[in-house]
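Visitor: Below are the sequence and a predicted model; questions follow.
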Amino acid sequence: MKTIILTLTLTIASFLAKAQTEVTNPSEETTEGTTITVTVPVPSEGGTVIVGLYDEATFMKAGPLQALDLEIVDGKATGTFVNVAPGIYGISLFHDKNGNKNMDFEANGMPIEMYGISNNVMSYGPPQWSDAKFEVASEPLIMEIRM
């Protein structure tokens with residue numbers, strides 16, 4: 001059990017450390033690729049929702065291809081990844097309640113802040129690529145990801 005908690009902690013901490021340096025502006029217009037609009041229902045107010053878009057090589061291993069820092073408005077956070085080339089991607093996110101741009105954990109390694117992945121698969125242990133992956137073609141996508 002301690003190994004699972006430690007693995008989850010290190011994996012999420014790695015994601016968070018790198019996600020903060022690559023925030024994009026979702027209002028920028030582009031002519032290449034497509035868009036992925038993500039809506040996240042947030043059960044509690046305060047803070048922001050940090051969202052990362054990954055491919056298989058970077059999922060839970062390196063910084064995201066694109067990242068968003070979303071404001072919570074009326075219990076939802078919504079943002080758009082732009083200029084996403086066709087391919088296979090995964091999304092990981094967490095509710096940054098205290099605004100420190102890091103996912104916080106209890107002393108035993110359990111996450112304090114809520115998190116989620118694309119396809120809304122939640123299991124014990126760190127998120128898996130096989131659960132989070134989805135295909136992007138030329139059409140825009142709209143997703144709702146639960147925490």
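Guide: Right, received. Where do you want to start? Keep in mind the model is a prediction, meaning the values are calculated, not measured.
Visitor: Tell me the confidence at residue 122?
Guide: On pLDDT, residue 122 comes in at 85.
Visitor: how far away is it from residue 34?
Guide: Distance from residue 122 to residue 34, counting by CB to CB, to the nearest Å: 27 Å. C-beta here means a position set from N, CA and C on the backbone, and glycine is covered the same way.
Visitor: do the same with residue 123
Guide: From residue 123 to residue 34 the distance is 29 Å (CB to CB).
Visitor: Helices of this structure, residue ranges please.
Guide: For the chain, helices defined by DSSP state H occupy the ranges 2-19, 129-132.
Visitor: Lowest average confidence across those helices, which one?
Guide: Taking the mean pLDDT of the helices of the chain, helix 2-19 comes last: a mean of 46.
Visitor: Below-threshold pLDDT in the protein: ranges please.
Guide: Within the chain, the stretches with pLDDT under 70 are 1-31.
Visitor: My read is that residue 49 contacts residue 40, right?
Guide: Yes - proximity of residue 49 to residue 40 meets the contact threshold set by CB atoms under 8 Å, at 5.2 Å.
Visitor: any chance you could map the strands in this protein?
Guide: 34-41, 48-54, 66-73, 76-84, 87-96, 115-117, 134-136, 141-144 (DSSP state E).
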